[in-house]
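Engineer: Kindly return the folded structure for what I paste below:
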Amino acid sequence: MSERTTITVIGAGPCGLAVGVAAREAGLSCVLLDKGPIVSAIERYPLGMTFFSTPEHLELGGVPFVSISDKPSRAEALNYYRRIVSHFELDVRQYEEVIGVGRAGDGFVVSTRRHRGGDGEFRSDALVIATGYFDTPNRLGVAGEDLQKVSHYFREPHLYFDQDVVVVGAGNSAIDAALSTFRAGARVTLVHVLGDFDRGVKPWVLPDIRNRVAAGEIAVRWNSRLLAIEPDRVRIGPAEGARAENGHSVMGEAQGHEEWIPNDFVLAMTGFRPDPRLLLSLEAPVDSQTGVPEHDPETMETPVPGLFIAGVMAAGYDANRIFIQNGREHGGRIVGSLRTRFIDGVLRPE
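Structural biologist: The predicted model follows:
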């Protein structure tokens, strides 16, 4: 049996929840669907992670985010967003995976499969895609990437005690993984296609990683990339056309040759990108070069009437352009557009 609602939101991350909060405040019915728990991306962050943003930039619906420091922790964020769901009595269906979307008259139909068994169907006037990007890592594209020892996610360092670990990348995630595993007793080699750490590295972390590299405690292969991964070793070689990012000083040179080094684990901290397949299945245009779906930035609506995007989906392949602090604004834009378009209970196009 189908359930009827005004808005269906696919994704219950912070930006999806922002749509639910705005809908609740506007008196519009809204269901949020997620194949995992609420804010599942945050749940998968490293256990000791802290945010760049201060607490007020993570808040929804005017509910204060209280933190013991100026940089909230992962645990504090999880607690806060649980409170948001409870406070606004949001209708969130956790562990309900979307398996199909389609048009139903002037609206939409969403088919789901529940974790505990059984299927669901939701019909709505408007559909919001807020699926984030954490389920779609940027792959290395090398032989052996699918071995069990390779991960695009890092949770905590204990697993890597007395192990040879290669960390791919030189952004915040890579540096956190390298420092944490080193301090847990791993032998760490950092591999990066450029010649220095990325521009956006947390300024309070950069001196630490530079000192570890200078002391030889963490090995680095600059201007290099993985060429192959095997159960007990990896092959590293020069990256084609590698150079320092934006003229940053080069801390090390490319190897200039290929080498094999012993290896037990690979942490590929190569970033993520949104998955546009749901949008494409509804014939919403997505730029093939940037990955950005065509949409009105004032309302977040795509050229498909009633179909909206929220959160990092709007950034395409440049996922670092949208964070919680600016993606949370999308909920108000979407609901603000919708609430002016209901005439006699029927959604009218603008």
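Engineer: C-alpha only now, for contacts and for neighbours.
Structural biologist: OK.
Engineer: what number of residues lie near residue 152?
Structural biologist: Neighbours of residue 152 under the rule other CA atoms under 10 Å: 21.
Engineer: who touches it in this structure?
Structural biologist: 137, 267-270 (CA atoms under 8 Å, 6 or more residues apart in numbering).
Engineer: Find the nearest non-adjacent residue to it, please.
Structural biologist: Leaving aside its sequence neighbours, residue 152 sits nearest to residue 268 (CA to CA, 6 or more residues apart in numbering; 4.8 Å).
Engineer: what two of the contacts of residue 152 have the greatest distance between them?
Structural biologist: Spatially, the most separated pair among the contacts of residue 152 is 137 and 267, at 11.9 Å (CA to CA).
Engineer: more crowded one of those two?
Structural biologist: Neighbours per residue (other CA under 10 Å) separate residue 137 from residue 267, with residue 267 holding more: 21 against 18.
Engineer: Where does that one fall, secondary structure wise?
Structural biologist: Assigned by DSSP states H and E, residue 267 falls within strand 265-268.
Engineer: Then residue 9?
Structural biologist: Here residue 9 is assigned to strand 3-10, by DSSP H and E.
Engineer: buried set for that strand?
Structural biologist: 4, 6-10 (16 or more other CA atoms under 10 Å).
Engineer: Now do the same contact list for residue 239.
Structural biologist: 193, 223-225, 254.
Engineer: Oops, could you answer that again for residue 137 instead?
Structural biologist: 152, 270-273.
Engineer: In strands, which of these appear?
Structural biologist: Per DSSP state E, strands hold no members of those.
Engineer: quick one: which two of the residues you listed are the most distant?
Structural biologist: 152 and 273, at 12.4 Å, using CA to CA across the contacts of residue 137.
Engineer: which SS class is residue 202?
Structural biologist: What DSSP: H, G, I helix; E, B strand; the rest coil gives for residue 202 is coil.
Engineer: burial count for it?
Structural biologist: Considering only other CA under 10 Å, residue 202 is surrounded by 14 other residues.
Engineer: Pull the contacting residues for it.
Structural biologist: So residue 202 contacts 52, 172 (CA under 8 Å, 6+ apart).
Engineer: what's the distance between it and residue 119?
Structural biologist: 44 Å (CA to CA, to the nearest Å).
Engineer: what helix or strand does residue 42 sit in?
Structural biologist: Here residue 42 is assigned to helix 40-43, by DSSP H and E.
Engineer: Give me the distance from that helix to the chain's centre.
Structural biologist: 9 Å (CA atoms, centre = their mean, to the nearest Å).
Engineer: for the following helix or strand past it, packing partners?
Structural biologist: Beyond helix 40-43 on the C-terminal side, the first helix or strand identified by DSSP H and E is helix 74-87. Packed against helix 74-87 by the contact rule (3 or more CA pairs under 8 Å, 6 or more residues apart in numbering; DSSP states H and E) you find helix 40-43.
Engineer: Does the helix it packs on pack against any helices or strands, and if so which?
Structural biologist: So helix 40-43, by 3+ CA pairs under 8 Å, 6+ apart, packs with helix 74-87.
Engineer: Could I get the buried residue list for the longest strand seen in the chain?
Structural biologist: Determined from DSSP E, the single longest strand within the chain is strand 119-129. Residues of strand 119-129 classed as buried under the neighbour-count rule (16+ other CA under 10 Å) are 120-129.
Engineer: quick one: which of the contacts of residue 239 sit in helices?
Structural biologist: Using DSSP state H to define helices, no part of those is located there.
Engineer: where's the dip in pLDDT among the residues you listed?
Structural biologist: Within these, residue 254 has the lowest pLDDT, namely 45.
Engineer: can you state the direction angle for the longest strand of the chain and strand 3-10?
Structural biologist: Strand 119-129 runs at 50 degrees relative to strand 3-10, counting by axes from the mean of the first three to the mean of the last three CA atoms, to 10 degrees.
Engineer: what residues does strand 119-129 touch?
Structural biologist: Under CA under 8 Å, 6+ apart, the answer for strand 119-129 is 1-11, 104, 106-114, 278-279, 306-310, 313, 347.
Engineer: and with 6 Å instead?
Structural biologist: Around strand 119-129, the neighbours that count as contacts under CA atoms under 6 Å, 6 or more residues apart in numbering are 2-10, 107-113, 306-309.
Engineer: Give me the distance between that strand and the centre of its chain.
Structural biologist: 22 Å.
Engineer: got it, and stretch 30-38?
Structural biologist: On CA atoms, centre = their mean, the centre of stretch 30-38 falls 16 Å from that of its chain.
Engineer: and for stretch 32-50, what are the contacting residues?
Structural biologist: Counting by CA under 6 Å, 6+ apart, 9-13, 71-74, 92-97, 134, 154-156 sit against stretch 32-50.
Engineer: Pull that stretch out as CSV, backbone CA atoms only.
Structural biologist: The C-alpha trace of stretch 32-50 is given here as CSV (Å, rounded to 0.1, in the frame of the first residue of the first chain):
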residue,chain,number,x,y,z
LEU,A,32,12.6,11.2,5.0
LEU,A,33,14.1,7.9,3.7
ASP,A,34,17.6,6.6,4.4
LYS,A,35,19.2,3.2,3.8
GLY,A,36,21.2,3.7,7.0
PRO,A,37,20.8,5.6,10.3
ILE,A,38,20.2,9.3,10.4
VAL,A,39,23.4,11.3,9.5
SER,A,40,25.1,8.1,8.5
ALA,A,41,28.1,9.9,7.0
ILE,A,42,28.9,11.5,10.3
GLU,A,43,28.4,8.2,12.0
ARG,A,44,31.2,6.8,9.7
TYR,A,45,33.6,9.6,10.5
PRO,A,46,36.7,8.7,12.5
LEU,A,47,35.8,8.3,16.2
GLY,A,48,37.9,11.2,17.4
MET,A,49,37.1,13.6,14.6
THR,A,50,36.3,17.2,15.3
